[in-house]
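Asks: This is the structure alone, sequence omitted:
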């Protein structure tokens, strides 16, 4: 009788301990981090965000360089001084040559203002210069030559107007770069979501493994007591012992996976190694279904794909125009101004004489065996290839948007189903656990309910991850926040300057 009471007491203690651990969580002391916090940290601290920002800065300064080409350029050139003492060939009146020695010092300076003419592709410059020359042999003497003002025009005729084409292409290229930066920022957020849910899943798996291991220990102790009382078979006892070993093996694997996921997230967010994170399960998800037509319209308006299409089309047109321009080339050079010479600087600016230069040069192939015409045909066919590829990519882009919207809208229902299944599976396991304690179900039924509980919890976390993944994929493609109905756009200049 005393022996039976002792056994019942042991069973009661084990059952109480078992009930006390059912709601146990992770005993890890760590800073809690939400999904929104992880996304914000990723945008500002991750290496991927730094790469995207540096790419934007490169595009920004390339655009600034293009803009500078359209503005007047003021430059100063000088040689101070130049000294030469050398021999050079000189032809005499009878046609023979001799060598004469030059021994002189020279200095010169020039200030010029140059303006590119985008309408014609030429350039116009206004120059002023002063040269000083001093002969050092046979009595040193100074000579000055001034050009108070000279106006110079360089104008290609029939050739391709590079400046005009740049005015069409470069702004689109910059808009494409800005859209790529915002999409890259959303991809950074998408990567953060992936690392966050990897850690969250690892945390849930570790919690499940710890709970299952603790439960297996208590159940094994209860089974030993019941076996001593003859209430269960030896086969059931061995099965519970095997469950305990499997639970211990699963626990060690989950601990390793949890540490690996923790390290990956902290590395991505650039967090110190001595600080642990505990991800919190998101309490809310973005609400509402999306309309394909609206999503497609936002994507075609905001995504870099649209700018890329326009840029590639213009670049193909430019190559055709350049090939046609190379078939013949005529250049015009014209300069008008004044010049003066004297032995001193003031006199060099008196008694000025006009200075005029007009040159027209041309290059027209007479026989090139169709080389230039072939280059035009190559450029035209390359343009057709680009147009065909663009049409194909547009169809694929529209199809990807449609599939993504369908998956996003369907995922909300899938998440609701998985959340309900998780609740039911957890309640079923608790019920079966209590039923097993009184010996009304077998270990196989208990194992089945435990497996169902674990899989339902993992499926719920996975469905939640897919929902957020689709959400940020749509944001990345459309650059539009459908949760707040606002565009994803900021002041690029402030971003580049770090304000």
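Replies: Sure thing, it's come through. Computed from a prediction, not measured in an experiment: that's the story for all the values here.

Asks: quick one: strands adjacent to the lengthiest strand in the chain?
Replies: Counting residues, the longest strand in the chain under DSSP state E turns out to be strand 97-117. Strand 97-117 has the following strand partners under DSSP bridges: strand 73-91 (antiparallel), strand 122-135 (antiparallel).

Asks: Looking at the longest one now, give me its mean pLDDT.
Replies: Strand 73-91 carries an average pLDDT of 90.

Asks: what about this protein, any weak spots by pLDDT?
Replies: 1-29, 231, 287, 362, 443, 490-491, 498-499 (pLDDT under 70).

Asks: where does the most centrally placed residue in it fall, phi/psi-wise?
Replies: With distances taken as Cα atoms, centre = their mean, the residue of the chain nearest its centroid is residue 184 (3.5 Å). Main-chain torsions, residue 184, degrees, to the nearest 10: phi -60, psi -40.

Asks: so who does it touch?
Replies: Contact analysis of residue 184 by Cβ atoms under 8 Å, 6 or more residues apart in numbering lists 48, 51-52, 55. The way it works is simple: take the backbone N, C-alpha and C, and place the C-beta from them, glycine included.

Asks: Which of those sits closest to residue 196?
Replies: residue 48 (14.4 Å; Cβ to Cβ).

Asks: Mind telling me what element the closest one is part of?
Replies: Taking DSSP states H and E as the definition, residue 48 sits inside helix 47-69.

Asks: elements contacting that helix?
Replies: When contacts are defined as 3 or more Cβ pairs under 8 Å, 6 or more residues apart in numbering; DSSP states H and E, helix 47-69 packs onto helix 35-45, helix 162-229, helix 492-497.

Asks: Kindly recompute the last result at 6 Å.
Replies: In terms of contacts (3 or more Cβ pairs under 6 Å, 6 or more residues apart in numbering; DSSP states H and E), helix 47-69 is packed against helix 162-229.

Asks: report the angle between the axes of the helix it packs on and strand 122-135?
Replies: Put simply, helix 162-229 runs at 110 degrees to strand 122-135, going by axes from the mean of the first three to the mean of the last three Cα atoms, to 10 degrees.

Asks: what angle sits between helix 162-229 and helix 35-45?
Replies: 140 degrees.

Asks: coming back round to it: tell me which residues of the longest strand of the chain come out buried.
Replies: For strand 97-117, a neighbour-count test (16 or more other Cβ atoms under 10 Å) marks 104-105, 108, 110, 112, 116-117 as buried.

Asks: ok, and the closest non-adjacent residue to residue 109?
Replies: Distances taken as Cβ to Cβ, 6 or more residues apart in numbering place residue 78 nearest to residue 109, at 4.1 Å, with adjacent residues excluded.

Asks: Would you mind measuring from that neighbour to residue 359?
Replies: Residue 78 is 26 Å from residue 359, where distance means Cβ to Cβ, to the nearest Å.

Asks: Check residue 317 too.
Replies: Residue 317 sits 31 Å away from residue 359, taking Cβ to Cβ as the criterion.

Asks: picking up where we left off before, just the angle for the helix holding residue 48 relative to strand 97-117, thanks.
Replies: Put simply, helix 47-69 runs at 110 degrees to strand 97-117, going by the same axes, to 10 degrees.

Asks: quick one: contacts of helix 47-69?
Replies: Contact with helix 47-69 is made by 43, 116, 170, 174, 177, 181, 184, 188, 496, as judged by Cβ atoms under 6 Å, 6 or more residues apart in numbering.

Asks: Kindly present those residues as TSV, with separate columns for distance to residue 444.
Replies: Formatted as TSV, the contacts of helix 47-69 follow (distance: Cβ to Cβ, whole Å):
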residue	distance to residue 444
43	50
116	85
170	71
174	67
177	62
181	57
184	52
188	48
496	64
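
Asks: Nearest to residue 454, out of these: which one, please.
Replies: residue 188 (32.2 Å).

Asks: Now do the contacts for that closest one.
Replies: Each residue near residue 188 by Cβ under 6 Å, 6+ apart is listed here: 42-43, 46, 48-49.

Asks: redo that, cut-off 10 Å
Replies: Each residue near residue 188 by Cβ atoms under 10 Å, 6 or more residues apart in numbering is listed here: 39, 42-52, 268, 472, 476.

Asks: from those residues, which would you call buried?
Replies: Taking 16+ other Cβ under 10 Å as the criterion, what is buried in the contacts of residue 188 is 39, 42-43, 46, 48-49, 52, 268, 472, 476.

Asks: So which of the strands paired with strand 97-117 is the most surrounded?
Replies: When those are scored by mean count of other Cβ atoms under 10 Å, the highest mean neighbour count falls to strand 122-135 (a mean of 17).

Asks: Distance from the chain centre to that one, please.
Replies: Centroid separation between strand 122-135 and its chain, computed with Cα atoms, centre = their mean, to the nearest Å, is 48 Å.

Asks: which ones are touching residue 250?
Replies: Contacts of residue 250 (Cβ under 10 Å, 6+ apart): 205-206, 208-210, 212-213, 216, 454.

Asks: in the one helix or strand it maps to, what's buried?
Replies: Using DSSP H and E, residue 250 sits within helix 234-269. Residues 236-237, 239-240, 243-244, 247, 250-251, 254, 257-258, 261-262, 265-266, 268-269 are the ones in helix 234-269 that count as buried (16+ other Cβ under 10 Å).

Asks: now do stretch 324-337
Replies: Going by 16+ other Cβ under 10 Å, stretch 324-337 has these buried residues: 324-327, 329, 331, 335, 337.

Asks: Output these as a markdown table; include the columns secondary structure and distance to residue 345.
Replies: Shown next, in a markdown table, are the buried residues of stretch 324-337 (DSSP: H, G, I helix; E, B strand; the rest coil; distance: Cβ to Cβ, whole Å):
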| residue | secondary structure | distance to residue 345 |
| --- | --- | --- |
| 324 | helix | 51 |
| 325 | helix | 46 |
| 326 | coil | 47 |
| 327 | coil | 50 |
| 329 | strand | 42 |
| 331 | strand | 35 |
| 335 | strand | 23 |
| 337 | strand | 18 |
